[in-house]
Every structure is written in C-alpha cells, then in structure tokens.
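Student: All I have is the shape, not the residue letters:
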Ligand code: IMP
Ligand code: MG
C-alpha cells in the first residue's frame, strides 16, 4: 500500500514509507532492546557503510554501554535497483574482535548476502558473540536464509531511499525513507 504522498521538499519521492518522527521513535525502542541485551557487557559495534551511517549515528547516541565502533565497507548494488553486482566487502577493521561481543548494523536486510558474509567474517575472527541489527527488513527478497536479531521495520518489496539508503549514491541525506518516482530510476521499466 502506498503511504502518504511525499511533502514538497522531498519532490523526488513518489511516497514516504517511514517518516522522520517514526524513524526516531523506532530507533529509540530498538536502542532500549539492545541496551537490555548488552547491559553490563562490553560491546563492539560494526557498522556497514555507507548505508548504515545515519542509522548508526542516531542509534549509537541511545546506547548505554561504553562501546567501541568500527566499520566495514560493503557494496553490492551498482546504480541499479535490482540486479546485485558482485558483493564486495572491504575488511579494514581496526579493532580486535576476538573475545568481544559484536553487534553488526546495516541499513537494510534484502537478499541477506551482505549480512551473512559480514557475520561469517566476524565469527571467523572468534568474536564471543555476533548479533545483527537492521533498520529495514525486506523479507520477500531473501536469497540466503537470514534473520536479524533486531529489526526496525519490515518494508514491502520496493526499492527505497533515504536515511542512509541510496539509489546510485544519491538520496542518502533524506530524513525519511521513501520510494522514488519512477522517472528517477534511470532506465527502469
Ligand atoms: P543484501 O546483501 O541483498 O541483503 O543487500 C544489502 C545491501 O543492499 C544493503 O546494505 C543496501 O546497501 C542495499 N540495498 C538493498 N535493498 C535496498 C533498497 O531498497 N534501497 C537501497 N539500498 C538497498
Ligand atoms: Mg548498504
């Protein structure tokens, strides 16, 4: 079901799926869940960039552990909304994860390939525990069986942008999450 029509300042969007206040409320609730699980524990957060940047920035401010933060860069989409390019994960982690509790953050769980690969990478480094947290879950698209431990919102099988998510590297800065007008998806049928 299409959501509300996009406000004028988001003129490239066909409709908004998640508004800025809804994101804020959900991030707050997710943080409470995460704080309960890691209360009194050491925590290492690994954000998958670029997509998880905005989500991580907001979520981290609500986490209560004196946590450590590192990032891995992953990309699979190449200026396309559908065909995944070769999955590339650049492991330039600076932090030691062996013996630490790791929480991996990503913007969206789609086919599951990225999170499955990053989780395996961290497990191979002998972390004490590895959990995953995604803002969005597009269950219909799963290729690799994968469930995240913490999920913000389930979204329908539509390509979404905003709040860190891009189309051809644009729209990450939108404060809401929405679906682009068809004409902006270049060359899409
Ligand atoms: P997966 O490996 O297919 O689960 O894809 C995960 C990555 O694909 C995410 O981290 C996003 O960068 C990208 N992605 C998947 N679906 C969307 C979408 O609807 N909008 C923008 N990026 C997406
Ligand atoms: Mg991404």
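Tutor: Looks like it came in fine. Treat the numbers as computed from the prediction; the structure is a model and nothing was measured. Numbering: from 1, shown residues only. Ligands and ions are numbered 1, 2, ... in the order given.
Student: Identify the residues contacting the helix or strand containing residue 132?
Tutor: Assigned by DSSP states H and E, residue 132 belongs to strand 129-137. The contact list for strand 129-137, computed with C-beta atoms under 8 Å, 6 or more residues apart in numbering, reads 23, 26-27, 30, 34, 37, 52, 55, 59, 101-109, 115, 119, 122-123, 148-155, 160, 163-165, 177. Yep, even glycine has a C-beta here, placed from its N, CA and C like the rest.
Student: Now do the helix or strand just after that strand, average pLDDT.
Tutor: Toward the C-terminal end, the helix or strand that comes next after strand 129-137 (DSSP H and E) is strand 150-154. Taken as a whole, strand 150-154 carries a mean pLDDT of 98.
Student: Might you specify the subset of the contacts of strand 129-137 located within helices?
Tutor: If you go by DSSP state H, the contacts of strand 129-137 have 23, 26, 27, 30, 34, 37, 55, 59, 115, 119, 122, 123 in helices.
Student: Residue numbers of this protein in contact with ligand 1?
Tutor: With the criterion set to C-beta under 6 Å from any ligand atom, the chain comes near ligand 1 through 48, 51, 76-77, 84, 106-114, 159-161, 165-166.
Student: Can you list the helices and strands that the least confident helix or strand in the chain by mean pLDDT packs against?
Tutor: None of the helices or strands of the chain scores lower by mean pLDDT, DSSP states H and E than strand 84-90, at a mean of 82. Helices and strands touching strand 84-90, by 3 or more C-beta pairs under 8 Å, 6 or more residues apart in numbering; DSSP states H and E, are strand 68-77, helix 113-124.
Student: Least reliable of these by average pLDDT, please.
Tutor: strand 68-77 (a mean of 90).
Student: For it, which residues meet the burial criterion?
Tutor: 68, 71, 72, 74, 75, 76, 77 (16 or more other C-beta atoms under 10 Å).
Student: count of neighbours near the nearest residue to residue 108 once chain neighbours are set aside?
Tutor: In space, and not counting its chain neighbours, residue 108 is closest to residue 136: 4.2 Å by C-beta to C-beta, 6 or more residues apart in numbering. The local packing of residue 136 (other C-beta atoms under 10 Å) involves 24 other residues.
Student: Identify the bridge partners of residue 136.
Tutor: residue 108, residue 153 (DSSP bridges).
Student: Just the terminal-to-terminal distance for stretch 55-74.
Tutor: 16 Å (C-alpha to C-alpha, to the nearest Å).
Student: and the residue nearest to residue 108, what pLDDT?
Tutor: For residue 136, the pLDDT comes out at 98.
Student: For residue 128, see how far away it is.
Tutor: Distance, residue 136 to residue 128, by C-beta to C-beta, to the nearest Å: 27 Å.
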